[in-house]
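Visitor: Generate coordinates for the sequence data below:
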Amino acid sequence: MNYIYCSRIDGLSRERLYSQRHLLDRNQQTTFDQFRFDDDKRRMLLARMLLRYVLTKHEGYQDPHFPYLHYNQYGKPAVMGMMGGFNISHAGVWAVCAYNPLGDIGVDIEKRVPIDIHDYKEVLTTDEFSALMQNNNNVDFFRLWSLKEAIIKADGRGFYLSPITFNLPYPLVNGVGIKVAGKCWHLYSQEIEEEYVLAAASASYKTTVFFLPSDVL
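Guide: Okay, here's the model as predicted:
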């Protein structure tokens with residue numbers, strides 16, 4: 001089972017935003033301080049609040065501080081001693097954290113904005129680009145791209161795994177599996193407030209999504 005926790009940044013007051021800063025480790029505080037705008041700070045902090053909530057709920061984490069993050073050679077974050085896998089993402093007013101008790105998971109959230117699909121031709125396979133141009137099977141760019149991002153993040157190599165090395169299966173049905181670089185990932189996606197697309201990829205085919213106010217984190 002995958003668990004995805006979502007929260008809106010506009011529920012995080014400026015007072016609480018800055019009162020949580022000291023719970024970050026030194027490197028995270030530096031990153032926090034480098035952001036010019038409060039909304040950027042909210043996105044960063046709320047994602048870590050969600051991660052702390054996940055660890056407390058699923059893995060018995062008891063420290064009030066945010067967990068220290070380690071990164072693999074490709075930049076994927078991990079928490080030492082964690083039994084399951086997690087991944088975080090944020091866009092616009094949303095921050096999300098996904099958890100799989102059995103292992104790796106990738107999550108992505110994208111905000112729908114006007115685009116020129118030709119700008120993305122180099123990061124899509126020929127079949128995907130053709131389907132988008134012809135609107136085959138009601139293919140939606142943001143749903144397709146968020147799923148590809150989720151797979152890439154679950155794999156752990158980031159864009160060292162090129163998005164043009166695999167085609168997404170059609171139709172894009174929740175729970176469908178795709179084999180990428182020798183691993184099978186089950187896919188999940190849903191709309192949030194019409195403007196956003198949430199996607200996840202993991203070895204588990206069942207997913208539950210929770211929406212949490214920031215004051216419970």
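Visitor: use CA for all of it now, contacts and neighbours both
Guide: Will do.
Visitor: tell me what the longest helix along the chain is packed against?
Guide: The helix that spans the most residues within the chain, counting by DSSP state H, is helix 38-59. Contacts of helix 38-59 with other secondary structure elements, assessed using 3 or more C-alpha pairs under 8 Å, 6 or more residues apart in numbering; DSSP states H and E, are made with strand 2-8, helix 14-19, helix 26-34, strand 85-91, strand 94-100.
Visitor: 7 Å instead, please
Guide: Counting contacts by 3 or more C-alpha pairs under 7 Å, 6 or more residues apart in numbering; DSSP states H and E, the secondary-structure elements packed against helix 38-59 are strand 94-100.
Visitor: for the protein, what are the low-confidence residue spans?
Guide: Within the chain, the stretches falling below the threshold (pLDDT under 70) are 136-138.
Visitor: what angle separates the lengthiest strand in it from strand 2-8?
Guide: Longest among the strand segments of the chain by residue count, using DSSP state E, is strand 183-192. Between the axes of strand 183-192 and strand 2-8, defined by axes from the mean of the first three to the mean of the last three C-alpha atoms, to 10 degrees, the angle is 30 degrees.
Visitor: now the angle between strand 94-100 and the longest helix of the chain, please.
Guide: Angle of helix 38-59 versus strand 94-100, following the same axes, to 10 degrees, is 20 degrees.
Visitor: tilt between helix 38-59 and strand 85-91?
Guide: For helix 38-59 against strand 85-91, the angle by the same axes, to 10 degrees is 160 degrees.
Visitor: Quick one: residues in contact with helix 38-59.
Guide: 5, 9, 17, 32, 35, 61-62, 66-67, 88, 90, 95-97, 217 (C-alpha atoms under 7 Å, 6 or more residues apart in numbering).
Visitor: cool, stretch 121-140 as well?
Guide: Contacts of stretch 121-140 with the rest of the structure, by C-alpha under 7 Å, 6+ apart, involve Phe141, Pro163, Ile164, Asn167, Pro171.
Visitor: what sits against the first one?
Guide: Contacts here follow C-alpha under 7 Å, 6+ apart; on that basis Phe141 touches Leu132.
Visitor: thinking again about what came up before, now the element after the longest helix of the chain, going C-ward?
Guide: strand 70-71 (DSSP states H and E).
Visitor: No further questions, thank you.
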